[in-house]
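Chemist: Sequence and computational prediction follow.
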Amino acid sequence: MERSRVLLEAARIIRERSEELATMETINNGKSIFEARVDIEISWQTLEYYAGLAGSMAGQHVQLPGGSFGYTRREPLGVCVGIGAWNYPFQIACWKSGPALASGNAMVYKPSPFTPITVVLLAEIFREAGAPPGLFNVVQGGASTGEFLSKHPDVAKISFTGSVPTGSKIMEMASKGIKPVTLELGGKSPLIIFSDSDLENAVNGAMMANFLTQGQVCCNGTRVFVQSNILQKFTEEVVKKVKKIKIGDPLLEDTRMGPLINRPQLEKVFAFIKGAKEQGAKVLTGGEPYIPEDQKLKAGFYMTPCVLGDCKDDMTCVKEEIFGPVMSILPFDTEEEVLERANNSTYGLAAGVFTRDIQRAHRVVASLQAGMCFINNYNVSPVELPFGGYKKSGFGRENGQVTIEYYSQLKTVCVEMGKVESVF
Ligand SMILES: NC(=O)c1ccc[n+]([C@@H]2O[C@H](COP(=O)([O-])OP(=O)(O)OC[C@H]3O[C@@H](n4cnc5c(N)ncnc54)[C@H](O)[C@@H]3O)[C@@H](O)[C@H]2O)c1
Ligand SMILES: NCCCC=O
């Protein structure tokens, strides 16, 4: 209950300072203030949710023959390391620290060097909320700092959010110390639109699946499979909407797309688009540098959101995570065919299906190889639901009750009420 009170107070402070924190997050990352507000809301909800679970952690009592019994205790792991990506800096820190602290651990958190600011505010908030000094710590730095933390003998667990190659290195380092890891990695998720869908809903779902945070979202549904008989109509509607996305100063109320995180990321996205064209895809809209009129924004890393048509499954833009505002549209004919193609990926973070046929919706998600599946929506993140990947998208979960298991260990106590029956 003591942990719960600290988390609840931290959530209250975040709520109270939400406008300031959202503004700082926009400056930190470049996402629109509109989206940053949602991130901050999800963040305080996360702390509230785990505050609720903190007081209810309990073991099991098990009766054994002869009056003997056993019981289990759920115990903290110790010092947990959190290593975060730059796309959701404050929210990722809350997704990790909420369950870690609720379970009785301490945390050392390393944000991405591209977004170092807001997690420091989170550390101040935890202190103000009554967390003892040293319970939640921030260490700034890049790869070498992450490696130092991952190899440190005093660290009991590593929770990592980032790319597959770095995740693989983290796992290797953790294996040397036999440390548990949670890996929240990248994705190339399928979004399947059946022709019986509510078209407007499906188009809105595809927009949500591709263009939040300048397309730099791990679970984005970037492989949009559309049933052939609605391909033309769907594509026209998507392109119309994408052209209307307001790009510009992310601190302005009506902006929906700010700059990408940095120059290398922007160049990487352009290289994917160039490669897509060379492999035969057609740019239906966007994919160009965008120079805002406002003088102070001219050096920003802006681009116009892009839709690619005439895509094929074996194109690089369809197989690899782009991590930018680029949607690839792929036609399909049958359910069986689309399932096979959707699952033909080394990733398995998320997937979505739009259909009015309820049986089909559940049948399809049951066959999708993805940890987070959406039916008739995409990219909503309720803290009550576990989030995480299959295959190379990682393992372990964030959010939901199950995450407590990833931040604690189970001790079993066996109690003898009779005499020891020695065989010697
Ligand atoms: N599954 C999820 O929940 C989720 C959420 C957000 C982002 N992501 C993924 O993250 C990637 C983008 O983020 P990124 O570019 O920051 O990823 P990244 O792997 O380059 O870096 C992530 C973090 O790891 C640190 N790091 C880099 N090299 C390291 C090393 N050798 N040892 C220890 N730490 C190291 C970085 O400094 C950063 O803090 C994308 O692939 C995206 O899909 C996944
Ligand atoms: N909605 C937050 C998803 C985090 C992945 O990038």
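Modeler: Everything's here; your move. Residues are numbered from 1 along each chain as shown. Ligands and ions are numbered 1, 2, ... in the order given.

Chemist: show me where the stretch 51-200 of the chain has strands.
Modeler: Using DSSP state E, counting those that start in this stretch, the strands of the stretch 51-200 of the chain run over residues 61-63, 69-76, 79-83, 106-110, 136-138, 155-161, 181-184, 190-193.

Chemist: So what touches the first one?
Modeler: With contact meaning CB atoms under 8 Å, 6 or more residues apart in numbering, strand 61-63 is reached by 69, 70, 71, 72. Quick note: C-beta positions are derived from backbone N, CA and C, even for glycine.

Chemist: about what we covered before: among the strands of the stretch 51-200 of the chain, which is the most enclosed?
Modeler: Comparing the strands of the stretch 51-200 of the chain by mean neighbour count (mean count of other CB atoms under 10 Å), strand 190-193 ranks first with a mean of 28.

Chemist: who does that strand pair up with?
Modeler: Neighbouring strands of strand 190-193 in its sheet, by DSSP bridges, are strand 223-227 (parallel), strand 350-354 (parallel).

Chemist: and those as CSV, adding distance to ligand 1, mean neighbour count and mean pLDDT?
Modeler: Below are the strands paired with strand 190-193 laid out as CSV (distance: least, CB to the nearest ligand atom, whole Å; neighbours: other CB atoms under 10 Å; pLDDT from 0 to 100):
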stretch, distance to ligand 1, mean neighbour count, mean pLDDT
strand 223-227, 14, 25, 98
strand 350-354, 9, 30, 98
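
Chemist: Would you agree residue 411 falls within a strand?
Modeler: Yes. Residue 411: assigned to a strand according to DSSP: H, G, I helix; E, B strand; the rest coil.

Chemist: Next, residue 303: phi, psi?
Modeler: Here is the backbone geometry of residue 303 (degrees, to the nearest 10): phi -150, psi 160.

Chemist: and the gap between it and residue 287?
Modeler: Separation of residue 303 from residue 287 (CB to CB, to the nearest Å) stands at 7 Å.

Chemist: Quick check: neighbours shared by these two?
Modeler: residue 270.

Chemist: tell me which of the contacts of strand 61-63 is nearest to residue 82?
Modeler: Nearest to residue 82, judged by CB to CB, of those is residue 72 at 26.3 Å.

Chemist: for that closest one, what are its contacts?
Modeler: Taking CB under 8 Å, 6+ apart, we find residue 72 in contact with 59, 60, 62, 410, 411, 412, 413.

Chemist: Likewise for residue 282?
Modeler: Taking CB under 8 Å, 6+ apart, we find residue 282 in contact with 308, 309, 310.

Chemist: isn't the second one right up against residue 284?
Modeler: Yes. The pair residue 309 / residue 284 is scored as a contact, 4.7 Å apart, by CB atoms under 8 Å.

Chemist: Show me the common contact partners of these two, please.
Modeler: Both residue 309 and residue 284 are in contact with 235, 329, where contact means CB under 8 Å, 6+ apart.

Chemist: Go through the residues of this structure and report the one nearest to ligand 1.
Modeler: residue 146 (2.1 Å; CB to the nearest ligand atom).

Chemist: tally of neighbours for the residue nearest to residue 289 when sequence neighbours are not counted?
Modeler: Of all residues beyond its chain neighbours, the one nearest residue 289 is residue 303 (5.8 Å), with distances taken as CB to CB, 6 or more residues apart in numbering. Counted with other CB atoms under 10 Å, the neighbours of residue 303 add up to 24.

Chemist: swap in residue 143?
Modeler: Neighbours of residue 143 under the rule other CB under 10 Å: 11.

Chemist: OK, contacts around it?
Modeler: Residues near residue 143 by CB under 8 Å, 6+ apart: residue 166.

Chemist: quick one: the lengthiest helix in the chain to chain centroid distance?
Modeler: Looking across the chain with DSSP state H, the single longest helix is helix 33-54. Mean-position distance between helix 33-54 and its chain equals 14 Å (CA atoms, centre = their mean, to the nearest Å).

Chemist: That one packs against which elements?
Modeler: Here helix 33-54 touches helix 2-16, helix 18-29, helix 89-102, going by 3 or more CB pairs under 8 Å, 6 or more residues apart in numbering; DSSP states H and E.

Chemist: pull the CA atoms of that helix into CSV?
Modeler: The C-alpha trace of helix 33-54 is given here as CSV (Å, rounded to 0.1, in the frame of the first residue of the first chain):
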residue,chain,number,x,y,z
ILE,A,33,1.2,18.5,-28.9
PHE,A,34,-2.1,16.8,-29.6
GLU,A,35,-0.4,13.4,-29.5
ALA,A,36,1.9,14.3,-26.7
ARG,A,37,-1.1,15.0,-24.5
VAL,A,38,-2.4,11.5,-25.2
ASP,A,39,1.0,10.0,-24.3
ILE,A,40,1.0,11.9,-20.9
GLU,A,41,-2.6,10.7,-20.2
ILE,A,42,-1.6,7.1,-20.9
SER,A,43,1.5,7.6,-18.7
TRP,A,44,-0.4,8.7,-15.5
GLN,A,45,-3.0,6.0,-16.2
THR,A,46,-0.2,3.4,-16.2
LEU,A,47,1.0,4.6,-12.8
GLU,A,48,-2.5,4.6,-11.4
TYR,A,49,-3.2,1.1,-12.8
TYR,A,50,0.0,-0.4,-11.2
ALA,A,51,-0.7,1.5,-8.0
GLY,A,52,-4.0,-0.4,-7.9
LEU,A,53,-2.2,-3.7,-8.3
ALA,A,54,0.6,-3.0,-5.8
